[in-house]
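Colleague: Provide a 3D model corresponding to the input given below.
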Amino acid sequence: MKYFIRISVLLFFIFHHFGCKNKSHSYKPTTTIIEGQITSPEGPVVSLKGINEIKSTLDQAGKFFIQAELDQSGIYTLDFAGQLLHVFIIPGDRIQITGDYRNIGGAIFKGSHSLENKYLLQYHKLIETSGPQDYEAFFTQNESDFLTAVDDRNQLLINDIQEFQKKNGPFDAIFGELLSNDVVFEAANMKMNYPEYFQYFKPDSVLVLSDTYDSFFQNLDTDLEANLFVPSFAEFSALYLEFKTKQDTVNTDTPLIIRKMEHVSQLFNEVKVKNFIYHRLFSSTIDQSINDASLIIDNYRKLQTNPVYLEEDINTYNSWSHLIKGKNAPDFTYVTVKGKKTGLSDLKGKVVYIDVWATWCGPCLREIPSLEKLEERYKDDANIVL
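Modeller: All right, here's what the predicted structure looks like:
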């Protein structure tokens, strides 16, 4: 049974990959319209995200109208204030969408490629429900059982794609190719997450992967512009970059973020793909650590050739650069546990430790005993404030 599943997955991939590889995803810029109404929206802006982002507004009733000159077919993302809706578009399409912000998965499509977009709703719901329900149990299986579980999920997705077409008719060839690639990248993402998740849940155990574990990379064409319109590729590109960078044992004393920046050009050649990955790497680094971002800012300016990405990321970096280590901390006021209002400027000259945490954050809760010990150790030191 295990071999049948793997053969089915491979045949599905080969059929779509080689059957559609000559089908161009690029077009002359063509007027494309996406319109509709999303009731109960949380914000007045809707964004159509492809390689770049196109923004429009929603009126008080939630109606919107996006007209753009698109030159790439693919699965785009509509972002309604954090609620994401994937939409298959071929330049020249006119697509109507109605739905409610509180149940975006129940949206209704009319117009061009409504069959494909109707299935995208079903597909992404299945992606969510078929994923690990118990992360610890799923990612702490032995390697063989884990790979079988991933293959089983792949087959479930493929069966669903095939059954939908049997009942409703065949998909557009480009859509079929993008969808099959999404299944493959989804599986690759799980496999790349496996070592790190296993170590997280079993910190006292040692996971030794087989020599053939990363052979799944052999069937992946990671350097295609069309991948930028495959929903799971964004996560894949970040995981792949980190996975491959950590495998390289040269210059391990160099900070990981610098090594990752250098590895982009070693792993990818297609200019638009590289620009996208540089953008994702730099913007996510700003979110995680402005100090790490400061280590690669100069290199990023040189390597990023997409002016939209560059302007957006530099503006974001500049808005946070005042928090770089060594600069004066911004002043703020707060109320202590004793009810006293004070400000950071009142503590000038002292060592101040600030910890931001949440009750739903597992690592934060596990950190509390250490913080209690730290507080007990320095409670009588007037020059240290926690």
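Colleague: how does this protein divide into domains?
Modeller: Domains of the chain are assigned by automatic domain parsing as 2-222, 248-327, 333-385.
Colleague: Redo these as a markdown table? Include mean neighbour count, distance to residue 229 and mean pLDDT.
Modeller: Where C-beta positions appear, they are placed from N, C-alpha and C, glycine not excepted. As requested, the domains of the chain are arranged in a markdown table below (neighbours: other CB atoms under 10 Å; distance: least, CB to CB, whole Å; pLDDT from 0 to 100):
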| stretch | mean neighbour count | distance to residue 229 | mean pLDDT |
| --- | --- | --- | --- |
| domain 2-222 | 16 | 2 | 91 |
| domain 248-327 | 15 | 11 | 95 |
| domain 333-385 | 10 | 34 | 85 |
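Colleague: Ok, which of those domains comes nearest residue 238?
Modeller: For these, proximity to residue 238 was assessed by CB to CB; domain 248-327 is nearest, at 6.0 Å.
Colleague: mind listing the helices for the stretch 201-350 of the chain?
Modeller: Taking DSSP state H, counting those that start in this stretch to define them, one finds helices in the stretch 201-350 of the chain at 233-247, 256-267, 271-288, 290-303, 307-320.
Colleague: For the ones you listed, give me TSV that also has distance to residue 166.
Modeller: TSV is the format used below for those (distance: least, CB to CB, whole Å):
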stretch	distance to residue 166
helix 233-247	27
helix 256-267	38
helix 271-288	34
helix 290-303	47
helix 307-320	42
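Colleague: For residue 103, which of those helices is the nearest?
Modeller: With CB to CB as the criterion, residue 103 lies closest to helix 233-247 of the helices of the stretch 201-350 of the chain, at 24.3 Å.
Colleague: chain center to that closest one, what's the gap?
Modeller: Taking CA atoms, centre = their mean, to the nearest Å, one finds helix 233-247 lying 11 Å from the centre of the chain it belongs to.
Colleague: pLDDT (mean, whole number) over that helix?
Modeller: Looking at helix 233-247 alone, the average pLDDT works out to 94.
Colleague: Show me what that helix is packed against.
Modeller: Using 3 or more CB pairs under 8 Å, 6 or more residues apart in numbering; DSSP states H and E as the contact criterion, the neighbours of helix 233-247 among helices and strands are helix 173-201, helix 256-267, helix 271-288.
Colleague: Take these and lay them out in TSV including distance to residue 300.
Modeller: What follows is these, written out as TSV (distance: least, CB to CB, whole Å):
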stretch	distance to residue 300
helix 173-201	24
helix 256-267	7
helix 271-288	5
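Colleague: Name the nearest residue to the residue nearest in space to the middle of the chain, ignoring sequence neighbours.
Modeller: Within the chain, the residue whose C-alpha comes closest to the C-alpha centroid is residue 235; the distance, by CA atoms, centre = their mean, is 4.1 Å. On the basis of CB to CB, 6 or more residues apart in numbering, the spatially nearest residue to residue 235 that is not a chain neighbour turns out to be residue 189, at 5.3 Å.
Colleague: so that neighbour touches residue 236, yeah?
Modeller: Yes. With contact taken as CB atoms under 8 Å, residue 189 and residue 236 are classed as touching, separated by 5.5 Å.
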